[in-house]
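Q: here is the input, now give the coordinates:
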Amino acid sequence: SQGAQAVAEVLSRDTNLTQVSLEDNALGDDGAAAIARGLNGHPSVFRLNIGYNEITGRGLRGVAELVAAGGPLLCLDLSGNNFYQNVAVAMVAPAGMSPLAPLGRALASAECRLQLLLLDQADVDAKSLA
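A: This is a model prediction of the structure:
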């Protein structure tokens, strides 16, 4: 979305920010990916809330790249997003094909510094992150 892209550009330039809350703004997949790109390499944002933004597995890939990149991000709130576009496929797909698998790999990376991950009401189980 154009709005998310504009916000991402501002985020990438404002090095004083430490927390970003964009909860319930209908960012969608493209918006979430744009925000993640805008924050990748940011020197001080340690908390990001993009909960309740209609983010699916496609948008989560960009967020996973941000998590895997390390940096100052310590807290990520993804609550209320339904990462499964097609529930029938998600139920029969192997764990490695889960929409959450990229996030699981990012969390396991040596560069990841995340200390708090919130997934309330996001229909997630342990197998999903494998």
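Q: where does this protein have its least confident helix or strand?
A: None of the helices or strands of the chain scores lower by mean pLDDT, DSSP states H and E than helix 87-92, at a mean of 52.
Q: next SSE downstream of that helix?
A: Per DSSP states H and E, the first helix or strand lying C-terminal to helix 87-92 is helix 101-108.
Q: just the CA coordinates of that next one, formatted as CSV?
A: Extracted C-alpha coordinates of helix 101-108, given in CSV (Å, rounded to 0.1, in the frame of the first residue of the first chain):
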residue,chain,number,x,y,z
ALA,A,101,8.3,-21.6,8.6
PRO,A,102,10.3,-18.5,7.5
LEU,A,103,9.6,-16.9,10.8
GLY,A,104,10.7,-20.1,12.6
ARG,A,105,14.0,-20.1,10.6
ALA,A,106,14.5,-16.4,11.4
LEU,A,107,14.0,-17.0,15.1
ALA,A,108,16.6,-19.8,15.0
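Q: please name every helix or strand in contact with it.
A: Counting by 3 or more C-beta pairs under 8 Å, 6 or more residues apart in numbering; DSSP states H and E, the packing neighbours recorded for helix 101-108 are helix 57-68. C-beta: built from backbone N, CA, C; applies to glycine.
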